[in-house]
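Need a 3D model of the following:
(one chain, ligands or ions: 3)
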Amino acid sequence: MELQKQIDSSKLPQHIAIIMDGNGRWAKNRGKFRVFGHEQGAESVREIVEACAELNIPNLTLYAFSTENWRRPKIEVQALMKLLVKALNKELPTLQKNGIRLSAIGNIEALPEKARKDLLSVMEQTETNTHMTLTLALSYGSREEITKTIQEISLKVKNNLISPSDINESIINNHLYTRDLPDVDLLIRTSGEQRISNFLLWQIAYAELHFTETLWPDYTKGHLYNAILDYQNRERRFGKTSEQLNA
Ligand code: IPE
Ligand code: IPE
Ligand code: MG
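Ligands and ions are numbered 1, 2, ... in the order given. A predicted model of the protein is given here:
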């Protein structure tokens, strides 16, 4: 049977997050500059966003640029920012057509002016779309996010708005960049690396992890369907026993 048809639409992950890795190696394998891999990676983004919208996945979060990625050569960082601007402007009609709301998490203030401006503009223009939320993690680092959260909550304690004993998981959730998103159900990382690289540490507490050797520019809808089928074959126990779940 066709892969897509094997997916159980009643057991879809409500939030998929992807660490899109392997653009550089993809380009290098072809004797090209790394930027070529990033350009090709943008095509995969388009395909996977479309696939998620077709499947009715309500939340997709893509790791596009980490706080640590600022350490890359300036020329690569600049190329990535330029590519972001290009993709935002190119994809706006597709977002509108598919009812996709664009959102962003991360230290957006750190982005170059033009990238920030276009990002905010596309976010505003797609604000009322309800079919799917596409969140781009840009200048995102989970430790930075948690640090910021602790600073904000501490300030509220200092100003007697809340007491330390009021602090609970829900308050912490409400201070994270991801406050409007449910926990991640399925985390995918491409390119064979099996690490988290400072992505959504709090939010993946009970996510199912799916690692694939495929490099991001080679990632297609078929790969995504495979990841979802893999997810649907897992038993998510959340600490309980299998017997309890099946009772
Ligand atoms: C992922 O691909 C894209 C970003 C981190 C921006 P890489 O650029 O990390 O590709 P590899 O890991 O070097 O192959
Ligand atoms: C993680 O990929 C960040 C993004 C995909 C944007 P990296 O390629 O930067 O991760 P590490 O540093 O190799 O772990
Ligand atoms: Mg990488």
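
Let's test this: what are the backbone torsions at whichever residue of the chain sits closest to ligand 2?
Distance from ligand 2 to each residue of the chain (C-beta to the nearest ligand atom) is smallest for Ser197, at 3.6 Å. The way it works is simple: take the backbone N, C-alpha and C, and place the C-beta from them, glycine included. Here the main-chain torsion angles of Ser197 (degrees, to the nearest 10) amount to phi 50, psi 50.

which residues sit in contact with it?
Applying C-beta atoms under 8 Å, 6 or more residues apart in numbering, one finds that Ser197 lies in contact with 19, 63, 66, 68.

Buried residues in the helix or strand harbouring Glu54, which are they?
For Glu54, the host element (DSSP states H and E) is helix 34-55. When burial is assessed from 16 or more other C-beta atoms under 10 Å, helix 34-55 yields the following buried residues: 34-42, 44-45, 48-49, 51-53, 55.

How about it and ligand 2, any contact?
No - where contact is defined by C-beta under 6 Å from any ligand atom, no part of helix 34-55 touches ligand 2; the two come within 9.3 Å at best.

What is the subsequent helix or strand relative to that helix?
Next helix or strand after helix 34-55 toward the C-terminus (DSSP H and E): strand 59-66.

Can you list the buried residues in that following strand?
Neighbour counts over strand 59-66 (16+ other C-beta under 10 Å) mark 59-66 as buried.

now Arg46: how far from Leu134?
Between Arg46 and Leu134 the distance is 11 Å, computed by C-beta to C-beta, to the nearest Å.

anything in contact with each of those two?
Shared between the contact lists of Arg46 and Leu134 (criterion: C-beta under 8 Å, 6+ apart) there are no residues.

Can you report how many residues neighbour the residue lying closest to Tyr206 once chain neighbours are set aside?
Here the nearest residue to Tyr206 in space, its sequence neighbours aside, is Phe238; by C-beta to C-beta, 6 or more residues apart in numbering that works out to 6.0 Å. When counting by other C-beta atoms under 10 Å, one arrives at 8 neighbours for Phe238.

So for stretch 187-198, first residue to last residue, what's the gap.
Distance across stretch 187-198, first residue to last, is 13 Å (C-alpha to C-alpha, to the nearest Å).

packing partners for the top helix by length along the chain?
Criterion DSSP state H: the longest helix present in the chain is helix 74-97. In terms of contact count using 3 or more C-beta pairs under 8 Å, 6 or more residues apart in numbering; DSSP states H and E, helix 74-97 is assigned the packing partners helix 34-55, strand 59-66, strand 100-105, helix 113-125.

which parts of that helix are buried?
By neighbour count, with 16+ other C-beta under 10 Å as the criterion, the buried positions of helix 74-97 are 79-81, 83-85, 87-88, 91-92, 95.
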